[in-house]
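1. Let's see this in three dimensions:
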Amino acid sequence: MKKAFIYVGHANWGKSFALKQITNGSSRKKTAQINDKWVWVRKMSNDDDPAGLLAFSKTIPSKWYENFILAYCPNHEHDQGAMDILNTLQESCELYFFIQEIKFSDPSQSIPETEISFLRQIGTVQILPGHNHDTVRAEQFLSFIKQHI
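-> I've put the predicted structure just below:
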């Protein structure tokens with residue numbers, strides 16, 4: 001089964017900045033090599049382009065890549081489109097969620113426990129606590145991926 005490594009955070013939390021670090025600072029590059037394996041990287045999340053992320057998720061079974069990195073906004077409790085993305089990913093991938101617990105630019109905003117609990121039911125979860133720059137978030141996410149790839 002393929003693997004989806006999903007960077008989780010709400011809108012404007014710096015998800016794409018962290019993922020950009022994985023592609024050596026390039027916003028256009030879509031692949032990275034991790035532990036000698038090629039990984040497809042999609043930086044736009046469902047809060048940027050919900051239809052695009054769902055369409056991409058549907059193509060995963062036909063892609064030759066075995067590992068994918070995605071950004072995801074956990075608004076599945078009130079957004080059927082977000083739930084459709086998760087359901088589609090579950091059909092072809094083991095899910096690994098890396099959760100940015102708090103918003104980088106506003107540490108008073110955090111991911112609710114109900115959203116985290118749901119993700120724990122459908123995949124492996126690691127939470128990144130604290131207020132961290134994008135380079136630190138990317139390093140921690142890469143470490144999580146390397147453990148499970």
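2. what about the helices in this structure?
-> 15-22, 50-59, 80-92, 113-122, 134-148 (DSSP state H).
3. With mean pLDDT and distance to residue 32 as added columns, please give these in CSV.
-> From N, CA and C alone the C-beta is placed, and that goes for glycine too. Below are the helices of the chain laid out as CSV (pLDDT from 0 to 100; distance: least, CB to CB, whole Å):
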stretch, mean pLDDT, distance to residue 32
helix 15-22, 92, 5
helix 50-59, 95, 16
helix 80-92, 95, 19
helix 113-122, 95, 23
helix 134-148, 95, 9
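4. Okay, the residue located most distally from the centre of the chain and residue 102: tell me how far apart.
-> In the chain, residue 108 marks the outermost C-alpha relative to the chain mean, sitting 21.6 Å out by CA atoms, centre = their mean. The gap separating residue 108 from residue 102 is 8 Å, by CB to CB, to the nearest Å.
5. Also residue 109?
-> Residue 109 is 6 Å from residue 102, where distance means CB to CB.
6. Which of the two has more residues huddled nearby?
-> Legend: neighbour count by other CB atoms under 10 Å for residue 109 and residue 102, higher for residue 102 (19 against 14).
7. Any idea how many residues pack against the residue nearest to the more buried one when sequence neighbours are not counted?
-> With sequence-adjacent residues excluded and distances taken as CB to CB, 6 or more residues apart in numbering, residue 102 is closest to residue 110, at 4.7 Å. Neighbouring residues of residue 110 were enumerated by other CB under 10 Å; the total is 16.
8. from what I can see residue 110 touches residue 103, true?
-> Yes: with contact defined as CB atoms under 8 Å, residue 110 counts as touching residue 103 (7.5 Å).
9. model confidence over stretch 63-72, on average?
-> The average pLDDT within stretch 63-72 is 96.
10. quick one on the thing from earlier: for the helices of the chain, which one ends up most surrounded?
-> By mean neighbour count, with neighbours taken as mean count of other CB atoms under 10 Å, helix 15-22 ranks first of the helices of the chain at a mean of 22.
11. want to throw the helices of the chain into JSON lines with distance to residue 3?
-> Putting those into JSON lines (distance: least, CB to CB, whole Å) gives the following:
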{"stretch": "helix 15-22", "distance to residue 3": "15"}
{"stretch": "helix 50-59", "distance to residue 3": "13"}
{"stretch": "helix 80-92", "distance to residue 3": "10"}
{"stretch": "helix 113-122", "distance to residue 3": "14"}
{"stretch": "helix 134-148", "distance to residue 3": "7"}
